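>>> sequence first, then the predicted structure, then my questions.
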Amino acid sequence: MASQKVEGMLKPKVTPTLGLLGATVNAMALIAPGAFLWITYQLQAAATLPSGASCASDIWSGIVVALVVCFLTALSYAQLAKIYPEAGFASCAYFAEKAFIDSSEEKQHHPASIARVAKLATGWAAHLFYWVYPGVMVAFMATFIGYIYTAFTSKTLTNTEMTIIGAVFAFVTGYIGYRGVTGSTKTSLWINIIQLSALVIFSGLAIWYRWSNPEHATTWAFTSAWDVVKVHSFQGAFVQSTIAILILVGFESCTALAAETKEPETVIPKAIILSLLIQGVFAYLIEYFAASYMVSEKLTATVTTAATATAAATTSTVTGLAAAAASSAPIGDMAQLLGGHVLPGVAFGLMITIAITVAIAVIGTTLSCMNTAVRVTCGMAEDRELPEMLGFMHGGFSTPHMAMWALVVVSSIIAAIGVRSVVGLTGITLASNLGTFILYGLTCVWTIVAFKGRKDFSFTKHALIPGLGVIANLVMVGGILYLYIIGNADAVNEAHICFWIAGGWGVVSLLYIGLSTVKKTYSVKMIACVIRPEQLNEVAQALKDQELMMGMTVSDVRGFGRQRGETVTNGKPIEEIKFLPKLKLEILVRDWDVDRAMDIIADTLRTGNIGDGKIVVYEAASAMRVRTGERGVYAL
C-alpha cells in the first residue's frame, strides 16, 4: 500500500499508445468540417469586397486558396516533426529552440540567446491560439444549444443560462481530456465517423436536390457545377480565403502528441498531412460544393431594416446567397428544404439530426484543442518557462491535469463574454486567429533555420515551401486585419477587441519573460545528487565536457530510497531497511544551466537498474567567492 502511494506521487511515465490512426483523428477533430460548415457558411455568404460588393460567388475558390496556405505550413511542420521526434509535449516551442541550438552547434545558450527567444515567441503565440480557441468553441456550443432550445420551445435562453451551459460543457470536455489521450482518441474517432457520415449524406442529398429540382427552381445561385468552383474574382477569392483559413487550422495539433505516439518520427509527419488532406480536401471541398450547388431562390430569409429618424423599420424577404448571408443557420435552412422535398416529411427532423452531429463535432474540436493546449503548456512548464504546477501530471491518467482544469476555467470565462455579444466573440476569435498565423509563420521560419546546414537539405522542401509559407501567413494576418479595419462599425470594434487581447497578451508575455530572464541570469541553484561510488569520475567528466562544472563537493554517505536499500525485491515485501554506501555530490550551477546539468548527470548515471540514484535541486539564496567577495552567479 505504501508503495502504491509513493507511485501515485511520482510523475507517471508517458506511454506511447497512439498509431497513425490515433494521431490523425486527434488532429482531424480540431479541423471539424461538420461544425465549421454550419458556423462559417453564413459568414462566407455575407463576405464583401472592400468596395462593398458581395464576393459570395468565390466561397469554393477561397477554400482552395486557404488550403494552399495550410499545406505550405503543414509540410513545414511535417519536416520538423520528422527530425525532432523527441519534441514531446513542447511541440512547436521545442522545434524553435532546437532549430537554433543545432544550427549554432553551441554546447549551451544563455537566457537571452536567440534560441530561447525563438522558443518563447513560438510558445506564447501558440498559447494565444490554443488557450483562447477552446473558449470560443464553448461559447458557440452554448449559443448553439440556445438555438436548438428555441427551435423546440420558441423560447430564448438568457445570457446567464447560456453561461452556465458553457461552463458545464467546458467541464465535461475537460474531464474527457483529463481522463487521458486514449479515451480522447476513441471519442475523436467516433466524432469523426459521425460527422463525416453526416456530411456525405448532406452532400449527396444536396446534389440530388439540384439534379432532381423537386421545387422547380428557376434561379440558381450558380448556373452549373463549374460556376461553383471557378474563380469569379481574384480579389474575391482572397477575401474568402481570409475566412476559410480559419476553418482549416489544427492539422499541427498532433505534434503535441509525439510523446504518446509510437514511432513519432514517421507517424506524426504523416498524421499532419493526412488530417489536412481528409478534412480539408475531401470533406470541405465536397460539402461546400454541395451546399453552394443547391442554393436557389427557394432558400429564403427575412431581413429587418432598423428604424431611422425619418423612416419606420421595414421587413423584406431575400433569396439565394443573400438568404444564406442573412440566416442565423443557413445549413439548417438547407436541411429543412432537403427534408421537406427530397425526403418528404422529415424537414425538421433532418435539420435537428444534422444539428446534433454539429454539436458532436464541436465537442471534438474543443477536446482536441484542449488536449493540444495543455500539452504545449506542460512542455514549457517542464522547461521552467511557465509556472511549475502547470506541468504536474496525473498519476493515473498521465495527463497535465492542473493545466487542464486551469484551461476549463479560462474557457468558461471566455464563453461567458462570448455569449453576450457576437461582436465580442468575433473579436476574441480574431485574437486567437492572429496567434495562429504568427505561430504558423514562425514555424515556417524555424524549418528554414533547422535545415539550412543539414546534409539532407532540400531547396524545395526546406527553403521554397517554408519561405512561401511565411509569406502566405503574413498575407493572411495582414488581410484579416485590413478587411476588419476597413469594414463597418461592428467589424472595427471586433478588430479593436482583437488588438486589446493580443496586445495585452503580448504585454503579459514580455513581463513574464523579462522577470524570468533576470532570474535565470542572476540566480544560482544547488544540485545535489546521490550516486554509486564507481560512477564519480564519469559524472565529473561529463559535466566538464559540457563546461557546466565550476566545482564539486563530494561526500561519503549511506542511505536508501524507495526500495529501502534492496536492489532486488522479487515481488516480496521488504522487512529490513538496508543503508547502502553512496556518494553525495553538491554542485552550484547557474539557474539557466539546471536542466542541462540534470540531463547530463542522469544520462551518465542511468543503467536502468534499481539504485541509479537521485538528483535534487535546491534554491541557493546566494553564493560568495571568498577570495574576491563576488556574489550570486558571479561567484561561480
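Everything's here; your move.
>>> just the helices in the stretch 501-636 of the chain please.
Per DSSP state H, counting those that start in this stretch, the stretch 501-636 of the chain carries helices over the ranges 536-545, 594-605.
>>> tell me which of the ones you listed sits most buried.
Comparing the helices of the stretch 501-636 of the chain by mean neighbour count (mean count of other Cβ atoms under 10 Å), helix 594-605 ranks first with a mean of 17. All C-beta spots, glycine's among them, are computed from the backbone N, C-alpha and C.
>>> out of the helices of the stretch 501-636 of the chain, flag the one nearest Ile191.
helix 594-605 (37.5 Å; Cβ to Cβ).
>>> now do the closest one and helix 536-545, the angle between them.
Inter-element angle recorded for helix 594-605 and helix 536-545: 140 degrees (by axes from the mean of the first three to the mean of the last three Cα atoms, to 10 degrees).
>>> quick one on the thing from earlier: select, out of the helices of the stretch 501-636 of the chain, the one closest to Trp405.
Trp405 lies closest to helix 594-605 among these, at 25.8 Å (Cβ to Cβ).
>>> are there helices or strands packed against that closest one, and which ones?
Secondary-structure packing of helix 594-605 (3 or more Cβ pairs under 8 Å, 6 or more residues apart in numbering; DSSP states H and E): strand 524-531, helix 536-545, strand 614-620.
>>> what sits up against that helix?
For helix 594-605, the surrounding residues in contact (Cβ atoms under 8 Å, 6 or more residues apart in numbering) are 108, 383-384, 525, 527, 529, 531-532, 535, 538-539, 542-543, 546, 548, 587, 589, 612-613, 615, 617.
>>> drop anything exposed from these.
In these, burial by neighbour count holds for 383-384, 525, 527, 529, 531-532, 535, 539, 542-543, 548, 587, 589, 613, 615, 617, counting by 16 or more other Cβ atoms under 10 Å.
>>> about what we covered before: can you list the helices of the stretch 501-636 of the chain in JSON lines and add mean pLDDT and distance to Leu37?
Shown next, in JSON lines, are those (pLDDT from 0 to 100; distance: least, Cβ to Cβ, whole Å):
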{"stretch": "helix 536-545", "mean pLDDT": "84", "distance to Leu37": "56"}
{"stretch": "helix 594-605", "mean pLDDT": "84", "distance to Leu37": "45"}
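>>> mind putting those helices into CSV with distance to Ala66?
Converted to CSV, the helices of the stretch 501-636 of the chain look like this (distance: least, Cβ to Cβ, whole Å):
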stretch, distance to Ala66
helix 536-545, 49
helix 594-605, 39
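>>> which one of those helices lies nearest to Val303?
helix 594-605 (60.2 Å).
>>> work out the gap between stretch 612-627 and the centre of the chain.
38 Å (Cα atoms, centre = their mean, to the nearest Å).
>>> can you list contacts of that stretch?
523-532, 535, 561, 582, 588, 594, 598, 601-602, 605-606, 630-636.
>>> rewinding a little: among the helices and strands packed on helix 594-605, which is nearest Cys254?
Nearest to Cys254 among these is strand 614-620 (32.0 Å), distances taken as Cβ to Cβ.
>>> circling back: figure out which of the helices of the stretch 501-636 of the chain is closest to Trp505.
helix 594-605 (25.8 Å).
>>> by how many degrees do the closest one and strand 614-620 diverge?
160 degrees.
>>> okay, the angle between helix 594-605 and strand 524-531?
Using the same axes, to 10 degrees: helix 594-605 against strand 524-531 is 10 degrees.
>>> okay, helix 594-605 in CSV with CA atoms only?
Provided in CSV are the C-alpha atoms of helix 594-605 (Å, rounded to 0.1, in the frame of the first residue of the first chain):
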residue,chain,number,x,y,z
VAL,A,594,20.0,23.5,-14.2
ASP,A,595,18.0,21.4,-16.7
ARG,A,596,21.0,20.6,-18.9
ALA,A,597,23.1,19.7,-15.9
MET,A,598,20.4,17.4,-14.6
ASP,A,599,20.0,15.7,-18.0
ILE,A,600,23.7,15.2,-18.4
ILE,A,601,24.1,13.7,-14.9
ALA,A,602,21.0,11.5,-15.4
ASP,A,603,22.2,10.2,-18.8
THR,A,604,25.6,9.4,-17.3
LEU,A,605,24.2,7.6,-14.3
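>>> which intervals of this structure have sub-threshold pLDDT?
Residue ranges of the chain with pLDDT under 70: 1-13, 105-109, 305-313, 483, 487-488, 490-491, 562-575, 632-636.
>>> mind listing the strands for it?
Using DSSP state E, the strands found in the chain span residues 300-305, 314-319, 524-531, 553-559, 580-590, 614-620.
>>> which residues touch Val65?
237-238, 240-241, 244.
>>> which of the residues you listed ranks first by neighbour count?
Each of these was scored for neighbours by other Cβ atoms under 10 Å, and Ala244 scores highest at 30 neighbours.
>>> count of residues packed around the nearest residue to it once chain neighbours are set aside?
Among residues not flanking Ala244 along the chain, Ala66 sits closest, at 3.9 Å (Cβ to Cβ, 6 or more residues apart in numbering). As a burial measure, Ala66 scores 26 neighbours (other Cβ under 10 Å).
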